[in-house]
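Asker: Predicted model, plus sequence, below.
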Amino acid sequence: MPEKLRVAVLGATGLVGQRFVARLSRHPWFDLEALYSSPEKAGLRYGEAVQWVIDEHPEDYVWGERLRPLKPEEVAREGFDIVFSALPSNVASDVEVELARLGVKVVSNASPLRMEPDIPLLNPEVNADHARLVELQSKRGWRGWIAKVPNCTTAILTLALKPLHDEYRVKRVTVATMQAVTGAGLRGVPSTVIIDNLVPFIPGEEEKMETESRKILGTLRGTRVEPAGFKVTAITTRVPVLDGHTEAVFVELEEPPATADEAARVLEEFKGNRIKSLGLPSAPEKPVIVRKEVDRPQPRLDRLAGNGMTVAVGRLRLDPVTGGVKMVILGHNTIRGAAGNGVLIAELLHKLGYS
Ligand SMILES: NC(=O)c1ccc[n+]([C@@H]2O[C@H](COP(=O)([O-])OP(=O)(O)OC[C@H]3O[C@@H](n4cnc5c(N)ncnc54)[C@H](OP(=O)(O)O)[C@@H]3O)[C@@H](O)[C@H]2O)c1
């Protein structure tokens with residue numbers, strides 16, 4: 001058996017960090033060697049420092065691992081093959097650039113740099129070809145590279161849009177979201193604010209959906225991504241759901257399908273899936289499934305489809321008002337929307353020879 005790649009997680013105690021730890025501790029290609037935390041928790045054993053809240057469990061050895069302080073030179077000296085970042089944006093912006101400069105290959109969930117032209121923003125089934133952008137980063141004087149995981153809501157949306165865009169050309173997207181509390185991190189939304197309530201504002205979220213979607217569905221021309229030609233308009237809300245972002249989506253199409261069943265077939269077949277034949281361990285068999293029941297998808301019932309990597313579409317109908325389709329989509333925010341997608345991106349970059 002070929003040797004496993006040596007990997008580490010930054011921000012290992014947070015919500016996304018916990019998903020990374022659970023999935024990487026028993027990964028067929030990756031060996032999880034090191035966990036990094038904030039200075040306050042460094043030195044403690046992972047089991048003492050982490051407040052474990054997610055519904056999957058890592059291999060037992062991780063509980064005894066000592067958390068390491070995050071010092072870029074020391075991370076670089078370890079010579080990991082890939083480093084996964086689940087850092088808050090304000091910490092990530094300087095640390096990740098410093099790591100890449102020092103030769104570290106970083107797959108990051110944090111938002112800074114996502115829209116930079118030479119940084120790939122990857123949702124592998126949709127735009128695996130954009131991975132090549134990492135080659136351009138040596139022009140910044142970096143010896144390593146950074147690849148970004150999209151915003152959670154955008155990763156879920158673009159997976160469902162891609163088959164429709166390939167077949168019918170998307171003209172405009174109108175979306176309203178109902179987002180889980182775990183999307184805001186371990187200490188994100190106080191229970192006194194969210195229980196029995198809905199908050200119709202998530203800082204920066206609407207802008208991320210409106211810009212990132214067009215980059216992800218854009219076309220790589222030479223060394224730059226030409227953004228997709230359609231516009232996205234979004235309203236984002238926080239709701240008292242634990243995991244799973246739901247999105248009500250209206251998609252205006254250039255050449256609409258004849259029936260909703262035809263659109264359902266296009267979504268489930270997903271002919272343009274760019275990683276179908278690569279054999280990546282985290283790739284779900286079906287990136288998109290269509291539920292026919294009138295009351296699906298629901299977060300509790302559908303968020304773990306495809307081990308959390310599949311987006312469930314329901315209430316799919318032709319929409320005479322927009323001249324396209326309307327539907328409800330649902331995906332797991334810390335899996336497809338964060339750590340699960342991060343692991344899939346690392347598998348892709350390794351398979352393409354960039355690790
Ligand atoms: N939650 C989601 O659904 C989601 C989805 C997509 C993207 N993201 C992005 O992913 C990142 C992580 O999100 P999260 O939800 O996991 O946040 P979180 O639960 O707040 O976790 C943040 C992590 O960063 C660590 N940290 C904080 N300050 C640090 C410092 N100065 N040095 C080193 N480590 C530090 C924390 O360690 P301590 O425990 O020691 O404080 C913790 O492990 C964010 O950039 C977020 O925007 C999140």
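Answerer: Arrived safely. None of the values given here were measured: they were computed from a predicted structure. Numbers count the residues shown, from 1 in each chain.

Asker: Only C-alpha atoms, please: export stretch 281-295 in PDB.
Answerer: Only the C-alpha atoms of stretch 281-295 are listed here, as PDB (Å, rounded to 0.1, in the frame of the first residue of the first chain):
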ATOM      1  CA  PRO A 281     -12.900   8.400  -1.200                       C
ATOM      2  CA  SER A 282     -15.100  11.300  -0.100                       C
ATOM      3  CA  ALA A 283     -17.000  11.700  -3.300                       C
ATOM      4  CA  PRO A 284     -20.700  10.700  -2.800                       C
ATOM      5  CA  GLU A 285     -22.100   8.300  -5.300                       C
ATOM      6  CA  LYS A 286     -24.800  10.900  -6.200                       C
ATOM      7  CA  PRO A 287     -23.900  14.500  -5.500                       C
ATOM      8  CA  VAL A 288     -27.500  15.500  -6.000                       C
ATOM      9  CA  ILE A 289     -30.700  13.500  -5.200                       C
ATOM     10  CA  VAL A 290     -34.300  14.500  -5.800                       C
ATOM     11  CA  ARG A 291     -36.900  13.700  -3.200                       C
ATOM     12  CA  LYS A 292     -40.400  13.300  -4.600                       C
ATOM     13  CA  GLU A 293     -42.300  13.500  -1.300                       C
ATOM     14  CA  VAL A 294     -44.200  16.800  -0.900                       C
ATOM     15  CA  ASP A 295     -42.700  17.500   2.500                       C
END
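
Asker: and Lys28, how many neighbours?
Answerer: Slight slip there: residue 28 is Pro, not Lys. Each residue near Pro28 was counted by other CB atoms under 10 Å, and the total is 9. Every C-beta, even on glycine, is put in place using the N, C-alpha and C of the backbone.

Asker: Same check on Val53?
Answerer: Around Val53 there are 10 residues (other CB under 10 Å).

Asker: Check which helix or strand Leu157 maps to.
Answerer: helix 152-168 (DSSP states H and E).

Asker: and that helix, how far from the chain's centre?
Answerer: 13 Å (CA atoms, centre = their mean, to the nearest Å).

Asker: again with stretch 295-305
Answerer: For stretch 295-305, the distance to the chain centre is 18 Å (CA atoms, centre = their mean).

Asker: Now tell me what touches it from outside.
Answerer: 180, 241-244, 246, 284, 289, 291, 311-314, 328-332, 335 (CB atoms under 8 Å, 6 or more residues apart in numbering).

Asker: Now it: buried residues?
Answerer: Residues 296-299, 302-305 are the ones in stretch 295-305 that count as buried (16 or more other CB atoms under 10 Å).

Asker: tell me the mean pLDDT over that stretch?
Answerer: Averaging pLDDT along stretch 295-305 yields 98.

Asker: how far does that stretch stretch from start to finish?
Answerer: End-to-end span of stretch 295-305 (CA to CA, to the nearest Å): 16 Å.

Asker: cool, stretch 194-203 as well?
Answerer: End-to-end span of stretch 194-203 (CA to CA): 16 Å.

Asker: Report whether it contacts the ligand.
Answerer: No: shown here: stretch 194-203 not in contact with the ligand (CB under 6 Å from any ligand atom), separated by at least 10.6 Å.

Asker: Buried ones in that stretch, by neighbour count?
Answerer: 194, 199, 202.

Asker: so how far is the ligand from the closest residue to Arg238 other than its chain neighbours?
Answerer: Once flanking residues are discounted, Arg238 sits nearest to Val199: 4.3 Å by CB to CB, 6 or more residues apart in numbering. To the ligand, Val199 is 16 Å away according to CB to the nearest ligand atom, to the nearest Å.

Asker: Val199 contacts Gly188, correct?
Answerer: No: here Val199 lies out of contact with Gly188, judged by CB atoms under 8 Å, at a distance of 11.0 Å.

Asker: on that earlier part again, now the buried members of the contacts of stretch 295-305.
Answerer: 180, 241, 243-244, 246, 284, 289, 291, 311-314, 328-332, 335.

Asker: Could you break this protein into its assigned domains?
Answerer: Domain ranges of the chain: 5-149+339-351, 152-331, per automatic domain parsing.

Asker: what about the shortest one, how long is it end to end?
Answerer: With CA to CA as the measure, domain 5-149+339-351 spans 12 Å from end to end.

Asker: is that domain anywhere near the ligand?
Answerer: Yes: against the ligand, domain 5-149+339-351 shows contacts by CB under 6 Å from any ligand atom at 11-17, 37-38, 40-41, 70, 86-89, 91-92, 109-111.
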